[in-house]
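Trainee: mind looking at a prediction? Sequence and model below.
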Amino acid sequence: MNYVVIDRGDKLSKELVTRFHELAAERGLTRNDDNPEMVISIGGDGTLLKAFHTYVNRIDDLAFIGIHTGHLGFFADWKADELEELIRMMGECEPRIVRYPLAQVELDTDEGVMTHTALNEFTLKGLDNMLVAQININDEMFEMFRGDGIVVSTPSGSTAYNKSLGGAVIHPSIESLQIAEIASINNRVYRTLGSSVVLPQHHHCDMIPRQGQRLQLTFDHIAIVRNDIRSIRCSVASRKVSFARYRPFTFWNRVREAFLGYDVK
Ligand code: NAP
Ligand code: MN
């Protein structure tokens, strides 16, 4: 099996990378940075986001595994002291592959259409002033938004930024996107729903920002600035991300352990 390791860059994570390569060689696993079948992230959820974007063009051919060197993560479910057990299982067992939905974001700009993918969420904010944008759902005007911004999250991203905004936690088996507002202004001209909405897989949402605004757009941890956005279309991506599970760790157990602290293991 070909694998690659991506780490957070701190001392502990780097030590684990060295140890990983040693143990993996003993088990007959092959390090291959260009053509991995398994991408192992050592660090936190942020490290897995980095790993995801490094290999986003190859996600149909690989699966991710997360090892956390800090607190339990949503994407990182192996502990540092379990490295040996994980590598043994990688050498001996077939993992269960779980597949999570992604967000597809198509930007219509003066330079053409650009497509981005997000594992957690896409965000849109005004850089100099508030964001002003018309929001359409399935090509029909839904609302006129004015406020700090909009967050469109995937189910697995629903526990991240979306949750801080009061959005619902969505199980990743529900192929959907959730649109949450950041501090919307409501008056006679600009009126928004207020609550977050969940779109099913075959729906899409368009954001048409007022022309000439400098906007900040993020795709997970990656931020860009543009002032030539004509419209933005968000939908559930046709591709999914795969995670390799060598032992069960259900989504609701992750939610409970991360947010409520009840440890059942
Ligand atoms: P960061 O500032 O280190 O991340 C913020 C926190 O979000 C970290 O504790 C991170 O965990 C956690 N996180 C990431 N993905 C998660 C998920 N799917 N479910 C639950 N928690 C998750 O920056 P980063 O590590 O590069 O992560 C980028 C993410 O930060 C964005 O995708 C966004 O979701 C989140 N964010 C949140 C807010 C907010 O809640 N107000 C604002 C901006 C961005 P680790 O410590 O394990 O990395
Ligand atoms: Mn982080």
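Mentor: That came through, no problem. Ligands and ions are numbered 1, 2, ... in the order given.

Trainee: the stretch 151-265 of the chain: helices as residue ranges?
Mentor: Applying DSSP state H, counting those that start in this stretch to the stretch 151-265 of the chain gives helices spanning 161-164, 251-255.

Trainee: kindly report the same for the stretch 1-150 of the chain.
Mentor: 11-26, 45-54, 83-92.

Trainee: distance of Arg247 from Ile59?
Mentor: According to Cβ to Cβ, to the nearest Å, Arg247 and Ile59 sit 23 Å apart. For every residue, glycine as well, the C-beta is placed using N, CA and C.

Trainee: who has more neighbours, those two?
Mentor: Neighbours per residue (other Cβ atoms under 10 Å) separate Arg247 from Ile59, with Ile59 holding more: 20 against 13.

Trainee: show me what contacts that one?
Mentor: Shown in contact with Ile59 (Cβ atoms under 8 Å, 6 or more residues apart in numbering): 52, 239-242.

Trainee: quick one, which of the helices of the stretch 1-150 of the chain is nearest to Phe74?
Mentor: Closest to Phe74 of those, according to Cβ to Cβ: helix 45-54, at 5.4 Å.

Trainee: can you dump the C-alpha atoms of the closest one in PDB for me?
Mentor: Taking Å, rounded to 0.1, in the frame of the first residue of the first chain, the C-alpha atoms of helix 45-54 are listed here in PDB:
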ATOM      1  CA  ASP A  45      -8.600  18.800  11.900                       C
ATOM      2  CA  GLY A  46      -6.800  21.800  10.300                       C
ATOM      3  CA  THR A  47      -4.000  19.500   9.200                       C
ATOM      4  CA  LEU A  48      -6.500  17.200   7.600                       C
ATOM      5  CA  LEU A  49      -8.000  20.200   5.700                       C
ATOM      6  CA  LYS A  50      -4.500  20.900   4.500                       C
ATOM      7  CA  ALA A  51      -4.000  17.300   3.400                       C
ATOM      8  CA  PHE A  52      -7.400  17.300   1.700                       C
ATOM      9  CA  HIS A  53      -6.600  20.400  -0.400                       C
ATOM     10  CA  THR A  54      -3.100  19.100  -1.300                       C
END
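
Trainee: other residues contacting that helix?
Mentor: Helix 45-54 has contacts (Cβ under 8 Å, 6+ apart) with 6-8, 13, 39, 41, 59, 64, 66, 73-76, 119-120, 160, 219-222, 241.

Trainee: again with stretch 26-36
Mentor: Applying Cβ under 8 Å, 6+ apart, the contact partners of stretch 26-36 are 1-5, 21, 24-25, 55, 62, 87-88, 90-91.

Trainee: show me how to select, in PyMOL, the buried members of the contacts of helix 45-54.
Mentor: With 16 or more other Cβ atoms under 10 Å as the burial test, the buried ones among the contacts of helix 45-54 are selected in PyMOL as follows:
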select buried, resi 6+7+8+13+39+41+59+64+66+73+74+75+76+119+120+160+219+220+241
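
Trainee: the contacts of helix 45-54 also near ligand 1: which ones?
Mentor: When Cβ under 6 Å from any ligand atom is applied, the members of those adjacent to ligand 1 are 73-74, 120, 160, 220-221.

Trainee: domain parsing for this structure?
Mentor: 2-95+246-260, 102-238 (automatic domain parsing).

Trainee: among the ones you listed, which is nearest ligand 2?
Mentor: Within the domains of the chain, the stretch nearest ligand 2 is domain 2-95+246-260; the backing value is 2.7 Å (Cβ to the ion).

Trainee: what's the longest strand anywhere in the chain packed up against?
Mentor: Longest strand in the chain by number of residues (criterion: DSSP state E): strand 229-245. On a contact count with 3 or more Cβ pairs under 8 Å, 6 or more residues apart in numbering; DSSP states H and E, strand 229-245 meets strand 63-68, strand 96-109, strand 176-184, strand 197-200, strand 204-209, strand 215-219.
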